[in-house]
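A.B. asks: What follows is a predicted structure for the sequence shown.
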Amino acid sequence: MTTAVFPGSFDPMTWGHVDIATRARSMFSKVVIAVAHNSTKTPLLDLDTRVDLARRAVEPLEGVEVVAVDGLLVDYCRSIGAGVIVKGLRGGADYDYERPMALMNRTLSGIETVFITGDNALSHVASSLVRDVARHGGQIGRYVPDGVVDAVAAALAAERA
């Protein structure tokens, strides 16, 4: 039984993330979506909200769970016996960004990273773009699972207050 960890900030969860989780589950016995704090980012949504939205988005997927993770990803992977880290790629820029992290994780722990190419129909969907569209009054419903639109709107309203 191979457990894979799919880490990210998921700020917010998108259909692209769900696509990667779904396809990872077809390859691995169990997929753990690890919602993490990224020290280089200031999230729009708080950690509890991101975890809740991710859980709701993948609820129909058997063998996929969602947890909040703090600290080194490889330490979490070791603690649950995960044998692989899964990362989704939309294009070359994602690979260039993810490759050094994959190599660092492997040298720290021996845990390999598997890259899954995202669905071409979703290759333009990124959490940062979703947030930007929402900040400027655009409609994000077709890019995100249920509940995300309302959570993003509430977070933006709180940001403006």
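C.D. replies: Nice, thanks for sending it over. Residues are numbered from 1 along each chain as shown.
A.B. asks: Let me see the confidence value for residue 161.
C.D. replies: pLDDT for residue 161: 85.
A.B. asks: Relative to the whole chain's centre, how far out is stretch 42-52?
C.D. replies: 12 Å (CA atoms, centre = their mean, to the nearest Å).
A.B. asks: That stretch: end-to-end distance?
C.D. replies: Terminal residues of stretch 42-52 are spaced 18 Å apart (CA to CA, to the nearest Å).
A.B. asks: So what touches that stretch?
C.D. replies: The contact list for stretch 42-52 (CB atoms under 8 Å, 6 or more residues apart in numbering) reads 9-13, 35, 37, 53, 66-68, 131, 147, 151-152, 155-156, 159. The way it works is simple: take the backbone N, C-alpha and C, and place the C-beta from them, glycine included.
A.B. asks: Which members of those are positioned in strands?
C.D. replies: 35, 66, 67, 68 (DSSP state E).
A.B. asks: Any buried residues in the longest helix anywhere in the chain, and which?
C.D. replies: Counting residues, the longest helix found in the chain (DSSP state H) is helix 92-109. Using 16 or more other CB atoms under 10 Å as the test for burial, helix 92-109 gives 94, 98, 102, 105, 109.
A.B. asks: correct me, but residue 38 touches residue 7?
C.D. replies: No - using CB atoms under 8 Å as the test, residue 38 is too far from residue 7 to be in contact (9.5 Å).
A.B. asks: Which of the two has more residues huddled nearby?
C.D. replies: Using other CB atoms under 10 Å, the more surrounded residue of residue 38 and residue 7 is residue 7, with 21 against 11.
A.B. asks: where's the more buried one, which helix or strand?
C.D. replies: If you go by DSSP states H and E, residue 7 is part of strand 3-8.
A.B. asks: which other residues reach whichever helix or strand comes after that strand?
C.D. replies: Helices and strands here follow DSSP H and E; after strand 3-8, the next one along the chain is helix 15-27. Outside helix 15-27, the residues that touch it by CB under 8 Å, 6+ apart are 4, 6, 8, 10, 31, 33, 54, 57-58, 61-64, 86, 88, 90, 114, 116, 118-119, 122-123, 125-126, 143-145.
A.B. asks: Just the buried subset of the residues you listed, please.
C.D. replies: Here, 16+ other CB under 10 Å leaves 4, 6, 8, 10, 31, 33, 54, 57-58, 63-64, 86, 88, 90, 116, 118-119, 122, 125, 143-145 buried among these.
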